[in-house]
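Engineer: here you go, sequence then predicted model.
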Amino acid sequence: GDIRGGLSITIPIKWADRMIHDNNRSIIFYSLLSIVVVSAMLFWLFSTLVSRPLAQLTATMDRYPNQAVPYPEPKRVKDEIDSISNTFYDLCLRLDRSRETLDKAKNQAFQNEKMAALGLLTSGIAHEVNNPLAGLLNCAKALREEPDNPELIERYLPLLDKGLRRIEH
């Protein structure tokens, strides 16, 4: 009591091949377009977030001794490059303070050397004045003790004159 039958359908294969080929082309096109768009976005993000800040930091580092380092711009999102920038800024501040301290120490050492040279000069002048003065004082003392001794006067007057000229010189 079963009735059996069959159905035969004919579909042109060229139509199916064309649809498959068009779908494959669309998939490839959209895949390549997606790859290009994602690559462009990644390139832009890398440039914005990594490459440009690193280039700015490098330029700032290159200009450092001749030009003051600006304070890093505060950002909402902190990343490694911001950390490096802040550390470099702090390093530059410490170097500037060290340089100022070194300059002060150099100036102080220069002043100390000048004072030492002035002290040597003063002691030399005092020595050059005191030696003839001691001789003059001895001559004056001897003349005071024997004011009527012509031989003493004749001997000490040239010495007094010579000592006074030496002090004058």
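Structural biologist: All right, it came through fine.

Engineer: give me phi/psi at the most centrally placed residue in the chain?
Structural biologist: For the chain, P65 is the residue whose C-alpha lies nearest the centre (Cα atoms, centre = their mean; 4.2 Å). Dihedral pair for P65: phi -60, psi -30, per degrees, to the nearest 10.

Engineer: who's in contact with it?
Structural biologist: Neighbour list for P65: empty [criterion: Cβ atoms under 8 Å, 6 or more residues apart in numbering]. In this view, the C-beta of every residue, glycine as well, is placed from N, C-alpha and C.

Engineer: next SSE after the longest helix anywhere in the chain?
Structural biologist: Longest helix in the chain, counting residues (DSSP state H): helix 80-145. The first helix or strand that comes after helix 80-145 along the chain, using DSSP states H and E, is helix 150-168.

Engineer: other SSEs contacting that following helix?
Structural biologist: helix 80-145 (3 or more Cβ pairs under 8 Å, 6 or more residues apart in numbering; DSSP states H and E).

Engineer: centre of the chain to the helix it packs on, how far?
Structural biologist: Helix 80-145 sits 27 Å away from the centroid of its parent chain (Cα atoms, centre = their mean, to the nearest Å).
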